[in-house]
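Colleague: Give me coordinates for this.
(one chain, ligands or ions: 2)
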Amino acid sequence: MEKTIHPSQVSGEVRPPCSKSYAQRALAAALLSDGETTLSNIELCDDTRYAMNVITGLGASVRQTGPTEYVIRGGLAPITDTINTGESGLATRLFTPIAALCDRRMTITGTGTMLRRPIGMMIDPLRNLGVQVRSNGYLPITVQGPLRGGETDVEAYVSSQFLTGLLMSLPLAEGDTILHVEQPNSLPYLAVTVDLASKFRIRMEHNGFREFFIPGGQHYHPAKLHIEGDWSSAAFMLVAGAIAGEVTAKRMNTLSLQADLAIIQALTKAGAVIITTPDEITVRKRELTGFDFDATQRPDLFPILAVLGANCEGTTHIRGVNRLVYKESNRAEAIVSEYTKLGMDVALEDDVMTVRGGSLSGGTIDSCNDHRIAMAAAIAALAASGPVTITNAQAVTKSYPRFWDDLDSIIRTKA
Ligand SMILES: O=C(O)C1=C[C@@H](OP(=O)(O)O)[C@@H](O)[C@H](O)C1
Ligand SMILES: C=C(OP(=O)(O)O)C(=O)O
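Modeller: Numbers count the residues shown, from 1 in each chain. Ligands and ions are numbered 1, 2, ... in the order given. This next block holds a predicted model:
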């Protein structure tokens, strides 16, 4: 699928989809609960749809009780020996240790870009915690539990997602666990994991996410939960407001723990007009200036920060390039290879991306099958000097299936 976005002004309101980070964790917790959990504001994207199928395969029974409400009866009792986590890094690394709670052989497989993303960080810790593992470091992986608890090192520098999987599965292990994490990254995502687990009355202790004590033999208590709006998705629309008019994102928790709430900091540094209430945010265009921003702990913001930087007067430095290698694309390379086709002045040196502000041209870019590369390019088009065509534009369904409609709804006049 191809999409062309013309230079345009924007104005209006959007309601971003639910956070897929919270939704996938909540689905996992519902599976692990004894009883019925009600999740509301679940709007499915590819990643959450896969997670929903995975929990069904692992024994949950799911009933849709409203347009965005699901009642899930938990109970880990697989009805299949293979689960498919699609292209979701989180679902892969979250549900592997959960599948490993079972005393039967389970294979976890995926599709597309996920087949090239590393999962080797799971092998040694799972073995140290009593699981038999067969894997060459990429999907598919076969595990046979039960995961017993114990003590192990965990690598969470490349990705925090497997640590999230351990934090959610180990409370159900027979014994207690101590985890040593050398250089954890994506820390706000770990905070979301601890927060979500606490809503199901799961306890754990940690010391700045470097050492965890997780008591075994706990129970997930079913909960009633509203899944909050997604700041990673909202970020695209808010930058659209900052560079091309005015946008309000509705039903957003402006006190959220989500990593990408930090888009507000970046927009503030750039000089955009920002008005927040506890549950919505408006961003309006103003003269923007280059800014310095450390995105190491919030790697999903990179593509849209690069677009914001290109629309600022002066130079923008974004730190954290090393975190981008193993996403749906190598996002640092994709930003450079694709956005320079629109005349973006962007360079990488060590861990820093430097973007020099200046008007972008029209052109054609490929999404590299990466939803965030596609969505940020569409926003760049609004303030470009000609239309931008995005090939493989269907990639947005991974996180934000109605992105094109929402963007269309705020486009007012062709500039
Ligand atoms: O835990 C999560 O929900 C996520 C963690 C981050 O990944 P890493 O921990 O691999 O950086 C983020 O990029 C991803 O989109 C979602
Ligand atoms: C990297 C992402 O997701 P995941 O790692 O879960 O595939 C993302 O949504 O940008």
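
Colleague: Now do the contacts for the one residue in the chain that gets nearest to ligand 2.
Modeller: Nearest residue of the chain to ligand 2, counting by CB to the nearest ligand atom: Gly89, 2.6 Å away. Every residue, glycine included, has its C-beta placed from N, CA and C. Contact criterion CB atoms under 8 Å, 6 or more residues apart in numbering gives 114, 117, 159, 161, 326-327 as the residues in contact with Gly89.

Colleague: can you tell me which of the residues you listed are in helices?
Modeller: Within the contacts of Gly89, residues falling in helices by DSSP state H are Gln161.

Colleague: Domain-wise, how is this structure divided?
Modeller: As recorded under automatic domain parsing, the domains making up the chain are 2-16+231-414, 20-212.

Colleague: Spell out which parts of the stretch 251-400 of the chain neighbour ligand 1.
Modeller: For the stretch 251-400 of the chain, the residues found near ligand 1 under the criterion CB under 6 Å from any ligand atom are 299-300.

Colleague: again, only using 8 Å
Modeller: Taking CB under 8 Å from any ligand atom as the criterion, the neighbours of ligand 1 within the stretch 251-400 of the chain are 259, 299-300, 323, 326-327.

Colleague: what's the neighbour count on the nearest residue to Arg63 once chain neighbours are set aside?
Modeller: Distances taken as CB to CB, 6 or more residues apart in numbering put Val71 closest to Arg63, at 4.8 Å, once the chain neighbours are dropped. Val71 has 18 neighbours, counted by other CB atoms under 10 Å.

Colleague: The one helix or strand Val71 maps to - which strands sit beside it in the sheet, and in what orientation?
Modeller: Secondary-structure assignment from DSSP states H and E places Val71 in strand 69-73. Applying DSSP bridges, strand 69-73 is found paired with strand 36-40 (antiparallel), strand 61-66 (antiparallel).

Colleague: Return the most buried member of these.
Modeller: Burial among the strands paired with strand 69-73, expressed as mean neighbours by mean count of other CB atoms under 10 Å, is greatest for strand 36-40, which shows a mean of 19.

Colleague: Give me the residues contacting that one.
Modeller: Contacts of strand 36-40 (CB under 8 Å, 6+ apart): 23, 26-27, 29-30, 65-66, 68-74, 200, 222-227.

Colleague: And the strands in the stretch 1-150 of the chain?
Modeller: Chain-ordered strands for the stretch 1-150 of the chain, with DSSP state E, counting those that start in this stretch as the definition, fall at 2-5, 8-14, 36-40, 61-66, 69-73, 82-84, 105-109, 132-134, 141-144, 150-154.

Colleague: from the chain's centre, how far out does the third one sit?
Modeller: With CA atoms, centre = their mean, to the nearest Å as the basis, the distance from the averaged C-alpha position of strand 36-40 to the chain average is 21 Å.

Colleague: go on, stretch 211-220?
Modeller: The mean C-alpha position of stretch 211-220 is separated from the chain mean by 25 Å, CA atoms, centre = their mean.

Colleague: 41 is where my numbering starts, stick with that
Modeller: With 41 as the first residue, the last one maps to stretch 251-260.

Colleague: Can you list the buried residues in that stretch?
Modeller: Of the residues in stretch 251-260, those with enough neighbours to count as buried (16 or more other CB atoms under 10 Å) are 252, 254-256, 258, 260.

Colleague: Which of those residues sits closest to ligand 1?
Modeller: Nearest to ligand 1 among the buried residues of stretch 251-260, with distances taken as CB to the nearest ligand atom, is Phe252, at 15.5 Å.

Colleague: hang on, that closest one packs against Val221?
Modeller: Yes. Judged on CB atoms under 8 Å, Phe252 makes contact with Val221 at a distance of 7.3 Å.

Colleague: Find the residues that touch each one of those two.
Modeller: Counting by CB under 8 Å, 6+ apart, Phe252 and Val221 have no shared contacts at all.
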